[in-house]
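Q: Using only what follows, build the 3D model:
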Amino acid sequence: MDIHEVLKKHWGYTSFRPMQEAVIRAVLADKDTLALLPTGGGKSVCYQVPALARGGLCIVVSPLIALMRDQVLQARARGITAKAVMSGMARYEVESTLEEAALGHVSLLYVAPERIASDLFRARLPRMPVTLIAVDEAHCVSQWGYDFRPSYMRIPELREVFPEVPIIALTATATTDVAQDIQARLGFRKRNLFRAAFQRPELTFWVSTGEDKLGRLFRILDALPGSGIVYVRDRRGTLDLARTMVSQGVTAAAYHAGLPHAERERVQNEWLSGKLRYVVATNAFGMGIDKPDVRCVIHMAPPPDLESYYQEAGRAGRDGRPAHAFLLLDEGDPERMLERVRGGFPTMEQVRKTYQAFADAHRIAPWVRRVRGLRVGPTRPGPTSGTGTDHCDERVESLGVGWNHRVVGGDPHPFARPSCLRRTHRTCITRERCQAWTLARNIAPPPRRFVRFTRFDR
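A: Here you go, the predicted model:
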């Protein structure tokens, strides 16, 4: 089926938004593709249309349950057969969904990255008629894949089963380095990036600085009709501000990741249906939520980075009508931002102590090896004596045994006689210099048990 026929049949439109058609045609040409489209730019169309045009099954890797549930409901409303495998489902439900996908009865199958490693999924994967692999919110590959959710690094395993199937990755925010990292982590056969313009002419960005944040917030709520989102930095703040807004006659509810699943689902559904006017949330809310009539997004404090701010603010005005993004600041916000940066990274002293503790626990030498009774050259003048010998000063703590320097000249194996008693000469050498010295003299390196480990606390 032609892509314009698919668009007309399921979405009711006769033309694509900017960049959508180019991305879709690249996917249909079997090219691995990374599409950077602004929030509200119709990213889901870029994998749903080629999936329907190609036929078969499209596996969509998605980071959040709420996002998967929302996408499945929207796809079904358009007449597309879509299902999701999520945590909380009974085993028989998971097996039934996967079996339907293997039999070709599903067009879109949404899974979390952790599902890729499950036995149930992998047992049926070879039988699935997969024609496309989509990675939604692909910035999570680079943002979470290295530590928080390492399962993102297993997405390329799908290519091992379907080597000829293209991958499409989509996100609204990615720097140049992140875009390159996404393509590398997903195993793109060839770099292929589409970057749309990120201007949002319907969205007005407004930064307000002053003393009374709450007063400014309520003036905004009174002036602007429609629904919106208020972002705060911490969970407790969502509860406090939601209660304050309700006390002033504004229908609002709190949303954060620590709430029970049923409560989060209730708040989201009531907001989507219009029963709630505002959601007071942490950054756990909003990813992939498609509510077109959001008239304003208000930040009570600066987000951690510009990418997060653009993504969160871009949830307003998806219907193309005028909308506003407000950032409310006070005099203490710059210092609080600096404190967050300082608190988010360890100091150099903490790094040194942690590194040294690791080295001590695993009995490895983090900086240098120290050998008693070995004179090496060329050497540098010592800090106190002025001689051509490397000295250990008060910053060095030695562990283990040493060597009697008298054995160096006459013994066929100069490191064969450890001595803990005679300490007539001490020298600090690096591993590289030790290796160079032994190679130059055509002798074996010292046995590991004879090597003295040292520690520098610089």
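
Q: For the stretch 151-300 of the chain, which segments count as helices?
A: Here the stretch 151-300 of the chain has its helices, by DSSP state H, counting those that start in this stretch, at 157-161, 176-185, 213-223, 235-247, 261-273.

Q: so Leu170 sits right up against Leu37, yeah?
A: Yes: with contact defined as C-beta atoms under 8 Å, Leu170 and Leu37 form a contacting pair (6.8 Å). Yep, even glycine has a C-beta here, placed from its N, CA and C like the rest.

Q: hey, what's in contact with both of the two?
A: In terms of C-beta atoms under 8 Å, 6 or more residues apart in numbering, Leu170 and Leu37 are both contacted by the residues Lys43, Cys46.

Q: hmm, back to that, just send the helices of the stretch 151-300 of the chain back as TSV, with distance to Arg336 and mean neighbour count too.
A: Below are the helices of the stretch 151-300 of the chain laid out as TSV (distance: least, C-beta to C-beta, whole Å; neighbours: other C-beta atoms under 10 Å):
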stretch	distance to Arg336	mean neighbour count
helix 157-161	42	14
helix 176-185	26	17
helix 213-223	13	15
helix 235-247	13	17
helix 261-273	27	16
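
Q: Please convert those to CSV, extending it with distance to Phe16 and mean pLDDT.
A: Shown next, in CSV, are the helices of the stretch 151-300 of the chain (distance: least, C-beta to C-beta, whole Å; pLDDT from 0 to 100):
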stretch, distance to Phe16, mean pLDDT
helix 157-161, 27, 92
helix 176-185, 22, 92
helix 213-223, 35, 94
helix 235-247, 38, 95
helix 261-273, 25, 89
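
Q: Low-confidence ranges, the chain, go.
A: Scanning the chain for pLDDT under 70 picks out 288, 365-458.

Q: hang on, the earlier thing: nearest to Ser87, of the helices of the stretch 151-300 of the chain?
A: Closest approach to Ser87 among the helices of the stretch 151-300 of the chain is made by helix 261-273 (9.5 Å; C-beta to C-beta).

Q: Helix 235-247 and the closest one, what's the angle between them?
A: 50 degrees (axes from the mean of the first three to the mean of the last three C-alpha atoms, to 10 degrees).

Q: Tell me which of the helices of the stretch 151-300 of the chain approaches Tyr355 most closely.
A: Once the helices of the stretch 151-300 of the chain are compared by C-beta to C-beta, helix 176-185 is nearest, at 25.5 Å.

Q: Just give me how far the closest one sits from the chain centre.
A: Using C-alpha atoms, centre = their mean, to the nearest Å, the mean C-alpha position of helix 176-185 is found 12 Å from that of the whole chain.

Q: Identify the residues contacting that helix?
A: 32, 34, 36, 138-139, 141-143, 145, 152-153, 155-156, 169, 171, 174, 191-193, 195.

Q: Could you work out the end-to-end span of stretch 103-112 for me?
A: The first and final residues of stretch 103-112 sit 21 Å from each other (C-alpha to C-alpha, to the nearest Å).

Q: Quick one: neighbours of the closest residue to Glu114 other than its chain neighbours, just the number.
A: Nearest residue to Glu114, sequence neighbours excluded (C-beta to C-beta, 6 or more residues apart in numbering): Ser151, at 4.5 Å. Number of residues near Ser151 (other C-beta atoms under 10 Å) recorded here: 16.

Q: was I right about Ser151 contacting Ile116?
A: Yes: using C-beta under 8 Å, Ser151 is in contact with Ile116, at 6.5 Å.

Q: I'd like the helices of the stretch 151-300 of the chain laid out as JSON lines, including distance to Gln356.
A: Formatted as JSON lines, these follow (distance: least, C-beta to C-beta, whole Å):
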{"stretch": "helix 157-161", "distance to Gln356": "37"}
{"stretch": "helix 176-185", "distance to Gln356": "31"}
{"stretch": "helix 213-223", "distance to Gln356": "45"}
{"stretch": "helix 235-247", "distance to Gln356": "36"}
{"stretch": "helix 261-273", "distance to Gln356": "43"}
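
Q: quick one, which of those helices is nearest to Leu329?
A: helix 213-223 (8.2 Å).
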